[in-house]
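**Student:** The following block contains a protein sequence and its predicted model.
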Amino acid sequence: MNTDMNPHGTAAGHAQAGAPDQDDDLALRVTRRPRPGHWLAVLAAALFTAWLAYTVIVNPHLHWDVVVDHLFDGVILEGLWVTVQLTLISMAAGVAIGVLIAVMQLSGSPVLRLTAGAYTWFFRGTPLLVQLIFWFNLALLFPVIGIGVPFDGPKFVEWQTNLVITGFVAALLGLSINEGAYMAEIVRAGIQSVDPGQREAGASIGMSNRRILTRIILPQAMRVIIPPFGNQFISMLKTTSLVSVIAGADLMTVSQHLYLANFEVIALLMVASIWYLVLTTLASVAQHFIERHYTPGAAPLRRRVLGDLVPGRTGRAQGADRTPAKEGAS
Amino acid sequence: MSDTGTRTATPPAENIVLSARGVRKRFADTEVLKGIDLEVRAGEVLCVIGPSGSGKSTLLRCFNHLEHIDAGRIRVDGELIGYEQHGPSGRTLRELRPRDIRRQRERIGMVFQRFHLFPHRTAVRNVMEGPVAVKGRTRAEAERQARELLDRVGLADRADHYPAQLSGGQQQRVAIARALAMEPTLMLFDEPTSALDPELVGEVLGVMRDLARSGMTMIVVTHEMGFAREVADRVLFIDQGAVVETGRPDELFTDPRHDRTRAFLSTVL
Ligand SMILES: Nc1ncnc2c1ncn2[C@@H]1O[C@H](COP(=O)(O)OP(=O)(O)O)[C@@H](O)[C@H]1O
Ligand SMILES: [Mg+2]
């Protein structure tokens, strides 16, 4: 311990000169106790990973040249772009639907509550795959769709359902409506996590219910909504691959088309997986920063107050970094 | 505030800011307010005291229509609160449109026991919220007014702090400034110091005392008998949902007419 002494520790001693023994105590540094078991586990994990990577990389049946060739293939990139679009649009629509359904569920009106309950019951209770195929085949049920007077009244505009409901549109409908049902539950939990006193405080200064929701309740509900939203988003990036069954033209669809033509099944699945991993990794990083932004009090507030005083990583190493020398030196 | 002599005479009707007549309120099977009558004149400070569960908070919440009432009438500045007369003879009351309810609430400030500041907004943003979101003021104008109000409650230097960075007493003073920003004609306080550490009670009562001196009409539910004695023009004792007695603080505290008042005072004084 004594050999590990911090030479800067003496800086603090300037103030109380003439007490050299105490200077020595202040200079003691706190270190971690070595943990040999920990390092053994790390070594074992590293060896296992290396072996796994080796067997895959040197495997003669995995054609890495094909993987590399197709990674930036125009068709693949187009599919990737469709996957990104499907994810972003259906998540946005899902959030909008989710907020609407959540507010209906928490409203005083039994009719609205029942409607919202039926929505989540139905769309969470049936497989997404079934819903996607249903939307894609909507023409079987309604050959034409249009705007007009309900109950077989006159129509103002009409379209052939088959022309409107492309694979992409069916994919968006299926993904958004399904996501809305899950987001509704997430948003509802978020809204309910906010102190009811907040609503009353807003009402007491004459705010409307809508303003209270958007300016007071939802911003506070974010803290509870963001983590599960992040999970839903990452999950959605991969769930979009289901639309390959309805010719959704996404990353998975185009990969399938390619390997059905050249029989490089594994290589193209590898290409798709690499891109899915890139997308989910980016999303995870974004999630981390957004969550930190919405953590109550902790990050944004503490940074505001102490940001200038505590440089570097604050979550780590309690006592060890806080030698009096650092404050004395600055 | 000094002309208490004229107060004993019947006041002209236009001086009455709040009047309640036969206000009844029940939650499920229990009647919480059993026909409350009271009047508060312009510039008057009325302190409401009474045991816990006697209906004091519910009464205040009826005054700005945070609660529905089952019978009776509440008027602020002569205007019926929360309801309009309806039907051929005008004998039934129907709830107002949400827009009208909001307009009425703008004039009635409320301060809660547990502050209920908006935690995601700084102090100055809390105070600006009403003027910007409800009154449609510009941000610059609202901010200038908000900083003035924070200065008035002694928190000019805390304007840019978040509620979590303020003490309970400071939070409650911001809450008072937030209510004042709507320029109310009547302020309701529901045990504004009950959630505070003892050493922080004084600063909040000080702000309320200044507010009373400036002529604000105030209804204050409180257990601070010292404050009631010093600042109130009238004290109202409520028990089990009914007004037991009301009077000037010196009368009510030193010579209560009812045994129930005496019994209650002996537990808190
Ligand atoms: N939302 C409510 N639902 C049911 N009972 C309530 C509700 N609010 C208040 N009460 C009841 O009404 C009575 C009066 O409550 P309150 O007005 O808060 O009393 P005080 O403020 O004098 O302590 C209590 O018995 C309380 O339990
Ligand atoms: Mg109460």
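**Tutor:** Yes, it's here. What you are looking at is a predicted structure, and each value in this text was computed from that prediction instead of being measured. Ligands and ions are numbered 1, 2, ... in the order given.
**Student:** how close does the spatially most central residue of chain A get to residue A:286?
**Tutor:** In chain A, the centroid-proximal residue (C-alpha atoms, centre = their mean) is residue A:230; its distance is 2.2 Å. Distance of residue A:230 to residue A:286, given as C-beta to C-beta, to the nearest Å: 8 Å. C-beta coordinates here come from the backbone N, C-alpha and C atoms, glycine included.
**Student:** What of residue B:247?
**Tutor:** For residue B:247, the distance to residue A:286 equals 65 Å [C-beta to C-beta].
**Student:** Which of these two has more residues huddled nearby?
**Tutor:** Set residue B:247 next to residue A:286 and count neighbours by other C-beta atoms under 10 Å in any protein chain shown: residue B:247 wins out with 16 against 13.
**Student:** Contact partners for that one?
**Tutor:** B:234, B:235, B:257 (C-beta atoms under 8 Å, 6 or more residues apart in numbering or on different chains).
**Student:** now residue A:98
**Tutor:** With C-beta under 8 Å, 6+ apart, residue A:98 has these contacts: A:179, A:180, A:181, A:182, A:183, A:184, A:185, A:186, A:187.
**Student:** Does the first one lie in a helix or a strand, and which?
**Tutor:** Read that as residue A:179. helix A:167-192 (DSSP states H and E).
**Student:** Which strands or helices does that helix pack on?
**Tutor:** Contact partners of helix A:167-192 among helices and strands, from 3 or more C-beta pairs under 8 Å, 6 or more residues apart in numbering or on different chains; DSSP states H and E: helix A:74-105, helix A:110-125, helix A:128-136, helix A:218-239.
**Student:** so which of those comes closest to ligand 1?
**Tutor:** Closest of the helices and strands packed on helix A:167-192 to ligand 1 is helix A:110-125, at 19.3 Å (criterion: C-beta to the nearest ligand atom).
**Student:** does any part of the closest one sit near chain B?
**Tutor:** No - Helix A:110-125 is not in contact with chain B by C-beta under 8 Å from any C-beta of the partner chain; minimum separation 15.9 Å.
**Student:** Output the residue of the stretch 1-150 of chain A whose distance to ligand 1 is smallest.
**Tutor:** As assessed by C-beta to the nearest ligand atom, ligand 1 sits closest to residue A:108 within the stretch 1-150 of chain A, at 14.0 Å.
**Student:** Tell me how many other residues crowd that residue.
**Tutor:** Around residue A:108 there are 6 other residues, counting by other C-beta under 10 Å.
**Student:** helix/strand/coil for it?
**Tutor:** The local conformation at residue A:108, judged by DSSP: H, G, I helix; E, B strand; the rest coil, is coil.
**Student:** Do you know the pLDDT at it?
**Tutor:** The model reports residue A:108 with a pLDDT of 89.
**Student:** next helix or strand past the helix or strand harbouring residue A:201?
**Tutor:** Here residue A:201 sits within helix A:196-204, counting by DSSP H and E. Per DSSP H and E, the first helix or strand lying C-terminal to helix A:196-204 is helix A:209-211.
**Student:** Say whether chain B is contacted by that following helix.
**Tutor:** Yes - remark: helix A:209-211 sits within contact range of chain B at A:209, A:211, by C-beta under 8 Å from any C-beta.
**Student:** Residues in contact with that helix: which ones?
**Tutor:** By C-beta under 8 Å, 6+ apart, helix A:209-211 touches A:202, B:98, B:133, B:134.
**Student:** Just give me the closest of those to residue B:77.
**Tutor:** Of all the contacts of helix A:209-211, residue B:77 sits closest to residue B:134, with 18.3 Å by C-beta to C-beta.
**Student:** what's near enough to touch the residue nearest to that closest one when sequence neighbours are not counted?
**Tutor:** Among residues not flanking residue B:134 along the chain, residue A:206 sits closest, at 4.5 Å (C-beta to C-beta, 6 or more residues apart in numbering or on different chains). The neighbourhood of residue A:206, defined by C-beta under 8 Å, 6+ apart, consists of B:102, B:103, B:105, B:106, B:130, B:134, B:182.
**Student:** May I ask which helix or strand encompasses the third one?
**Tutor:** Residue B:105 belongs to helix B:98-106 when elements are defined using DSSP H and E.
**Student:** what's in contact with that helix?
**Tutor:** A:203-209, B:64-65, B:76, B:79, B:81-82, B:84, B:95-96, B:130, B:134-135, B:182, B:184.
**Student:** Mind listing what's buried along that helix?
**Tutor:** Across helix B:98-106, burial judged by 16 or more other C-beta atoms under 10 Å in any protein chain shown covers B:101, B:102, B:104, B:105, B:106.
**Student:** want to throw the residues you listed into JSON lines with pLDDT?
**Tutor:** Shown next, in JSON lines, are those (pLDDT from 0 to 100):
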{"residue": "B:101", "pLDDT": "97"}
{"residue": "B:102", "pLDDT": "97"}
{"residue": "B:104", "pLDDT": "97"}
{"residue": "B:105", "pLDDT": "97"}
{"residue": "B:106", "pLDDT": "96"}
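**Student:** before we move on, the earlier item: mind listing what the closest residue to the residue nearest to the centre of chain A other than its chain neighbours touches?
**Tutor:** Counting by C-beta to C-beta, 6+ apart, residue A:230 lies nearest to residue A:287, which is 3.6 Å off, once chain neighbours are set aside. Residue A:287 makes contact with A:226, A:227, A:230, A:233, A:234, according to C-beta under 8 Å, 6+ apart.
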